[in-house]
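J.: Attaching a predicted model along with its sequence, questions to come.
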Amino acid sequence: MRRTLALLAAAMCGLVPVVVTAGQVSAAPVIAADGLREGQLYRSFIVTSKPGAAARVAGVRTLATGGRTVRAGRPLDAAGARAFMAELAAAPGVAAVEPDLPVTRTSTPDDPRYGEQWPLWQVYGQTDSAFRVDEAWDTGADGSGVTVAVLDTGFRPHADLAPNLVAGYDFIADAANTADGDGRDGDARDPGDWNDEGDCGATAFSPSSWHGTHIAGIIAAVRDNGVGVAGIAPRARVQPVRVLGTCGGLDSDIADAIVWASGAPVPGAPANTTPARVINMSLGGYGPCGPTLQAAVDKALSRGTSVVVSAGNSAADAAAYHPANCDGVITVGATGDDGYLASYSNYGDTVEVAAPGGWGYWRNNDPAHRVLSTVDAGTREPAGDSYGVMRGTSQAAAHVSGAIALLLSRRPELTPAQVSESLTASAHRLPLGGGWYNSPYPIGGGLIDVARMIAGSECRVCAGSAAIIDVTVPADTPGTVHLAGDLSVLGTGRPDWDPGAVKAMRYLRTSWDGTGTPAWRVQLAGVTPGATVHYKLTLGNWPTVEKDRDCAELPDRAVTLPDDGTLWAYTTVDNWNGTAPCS
């Protein structure tokens, strides 16, 4: 049932009159009409009151940012929308008028499951880079304690995802766009977003995408459960927030959803008892970031919530697309499985980083080179759990949201600005040049390296000199190897190294010497240049520190920090003298 609006006829457009209930303010209103596009129809607009004027608009909804939506009597083209906005702006007490711009999901559904999760482990030899999720897991990072809100089409209770779901909300206000017959409510399930020919401008039948479920699975599908796929942050929680229906979504709904997901109050919605530390928006549309959307992003950032947005799939400058162009968001472009910029990805200075989104050149029709995740089997209504592949900056954004969840599970005190700095600091810049592979367009800091990001985040002071020690460990070693030594040199103030405080981070699957022996890498950073660090290897406590076959404790190993830069040192475990402590 459509939501009934109290519309009063005004001129040919059926304008909704503004009713002013307080004094006038003289400043001229702002009309944000530069996001209007020829060939696009507009019906919803956002009016913001001047301070102290408390302008009210009859029969519409108040947003969490203070604005109110206004609905024209019929859909308007760009010229009609500009005229409508000018008439609204002329009413007393109005500070700003903006179009309620449409957005859509930023990936395209593909065939049923076919392929593997190459973004989690593949190394791109041509660009000397990798996303390295599997090696980030070796640090112990798993997303525990972090909630990621997925603002999308909603969710399906997929068995590979359901254990990690928390309560969400459906913020689609227009019942005609929901496919579930009602407006906003607490049910964020995805009923399907299929369209017949002619619906929402579709030129042919379009099956349900299950886009929100696909994005959620990339972020936090359950790992080690014997079925399906593994999420990047397999112990994070996903909060499904439905903002995209059968005809996409609107900025007004998305703005309220951003505010709610961050834990701030929204008129008419219940309190969010599990606020998100990360908001993923794998969606976008042409036009600027309006004041309402920016205000919502600002509110989320002020509450410590990072906002991740897909750059868009138009092979254009992301500066022209929202919410990718909002201030403070982390805008993500896409790479293919070769490590280069994907042909469809938006680019430019607006983009912070890139992440795997799927191949974009001649392998377009090969599902093995797209991104695999959870979906539903139905082409219209839900039909049961399945897996499918998609490509796009939607999937790239989900990879970054999962990576941030890993980071925050280790460093929960980080602010959104520090999270963004960690992403860009870990990124590998992509080669430019304009050839078949080398894009001539910049894509932010480049492809992020999740293992490198986690390792760097564990440095308390990462400037100056550093030592990286590769430890080659025999396969029969009865536990995880750590370093023990004089931590006062490292600035902790403790006399002995607590092995649980700084863990060995396995960057390499095999040792540096090519023998295939497992190797662990430990990074020591922020120490005094020129200082010598004394250490031993341990299985986690001093009784099992390195000793020789006669149970005599071995001399300290030592590494001297360079005056500047990084020193690489190599250590081999020769003998643990069994698994029991020496007596």
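T.: That came through fine.
J.: Could you pull up the residues touching Thr273?
T.: Ala167 (C-beta atoms under 8 Å, 6 or more residues apart in numbering). For glycine as for every other residue, the C-beta is placed from the backbone atoms N, C-alpha and C.
J.: again, 7 Å this time
T.: By C-beta atoms under 7 Å, 6 or more residues apart in numbering, Thr273 lies in contact with nothing.
J.: do you know how far it is from Ile215?
T.: 22 Å (C-beta to C-beta, to the nearest Å).
J.: Ala342 now?
T.: In terms of C-beta to C-beta, Ala342 sits 17 Å off from Ile215.
J.: Report the backbone C-alpha coordinates of stretch 285-292 in PDB.
T.: Extracted C-alpha coordinates of stretch 285-292, given in PDB (Å, rounded to 0.1, in the frame of the first residue of the first chain):
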ATOM      1  CA  GLY A 285      24.200   7.900  -8.100                       C
ATOM      2  CA  TYR A 286      25.100  10.900 -10.200                       C
ATOM      3  CA  GLY A 287      25.200  14.300  -8.500                       C
ATOM      4  CA  PRO A 288      26.800  16.200  -5.600                       C
ATOM      5  CA  CYS A 289      26.700  15.300  -2.000                       C
ATOM      6  CA  GLY A 290      23.900  17.400  -0.800                       C
ATOM      7  CA  PRO A 291      23.800  19.100   2.600                       C
ATOM      8  CA  THR A 292      21.400  16.500   4.100                       C
END
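J.: okay, now Ser345: neighbour count?
T.: When neighbours are defined as other C-beta atoms under 10 Å, Ser345 has 33 of them.
J.: How about Ser302?
T.: Number of residues near Ser302 (other C-beta under 10 Å) recorded here: 12.
J.: looking at this, Ala315 is in a helix?
T.: No: judged by DSSP: H, G, I helix; E, B strand; the rest coil, Ala315 forms no part of a helix; its state is coil.
J.: and it, what is it in contact with?
T.: By C-beta under 7 Å, 6+ apart, the contact list for Ala315 reads 343-346.
J.: among the residues you listed, which one has the lowest pLDDT?
T.: Minimum pLDDT for the contacts of Ala315 is recorded at Ser343 (83).
J.: which SSE is it in?
T.: Assigned by DSSP states H and E, Ser343 falls within no helix or strand.
J.: Quick one: neighbours of it, just the number.
T.: Per other C-beta under 10 Å, the neighbour tally for Ser343 reads 16.
J.: related to what we said a few turns ago, what's the closest of the contacts of Ala315 to Thr62?
T.: Asn346 (32.8 Å; C-beta to C-beta).
J.: right, and that closest one touches Tyr321 too?
T.: Yes: in this structure Asn346 lies within contact range of Tyr321 using C-beta atoms under 7 Å: 6.2 Å.
J.: okay, and the common contacts of these two?
T.: Common neighbours of Asn346 and Tyr321 (criterion: C-beta under 7 Å, 6+ apart): 312, 314.
J.: hang on, the earlier thing: can you pick out the residue with more neighbours from Ala342 and Ile215?
T.: Higher neighbour count among Ala342 and Ile215: Ile215, with 35 against 29, using other C-beta under 10 Å.
J.: ok now do the more buried one, which residues does it touch?
T.: So Ile215 contacts 150, 152, 280, 282, 394, 398 (C-beta under 7 Å, 6+ apart).
J.: Where does the closest residue to the third one other than its chain neighbours sit: helix, strand or coil?
T.: So that's Asn280. Distances taken as C-beta to C-beta, 6 or more residues apart in numbering place Ser401 nearest to Asn280, at 4.0 Å, with adjacent residues excluded. Three-state assignment for Ser401 (three-state DSSP): helix.
J.: So what's the residue count around Ser401?
T.: Around Ser401 there are 35 other residues, counting by other C-beta under 10 Å.
J.: same question, Gly186
T.: 10.
J.: List the beta-bridge partners for the residue lying closest to Trp210 once chain neighbours are set aside.
T.: Spatial nearest neighbour of Trp210, chain neighbours left out: Val375 (4.1 Å); criterion: C-beta to C-beta, 6+ apart. As for beta bridges, Val375 partners with Ser386 under DSSP bridges.
J.: quick one: contacts for Val375?
T.: 210, 213-214, 386-388.
J.: if I look at Pro270, how far off is Gly444?
T.: Pro270 is 37 Å from Gly444, by C-beta to C-beta.
J.: what's the answer for Ala334, then?
T.: On the measure of C-beta to C-beta, Ala334 and Gly444 end up 11 Å apart.
J.: Please apply the same query to Arg223.
T.: Taking C-beta to C-beta as the measure, Arg223 falls 28 Å from Gly444.
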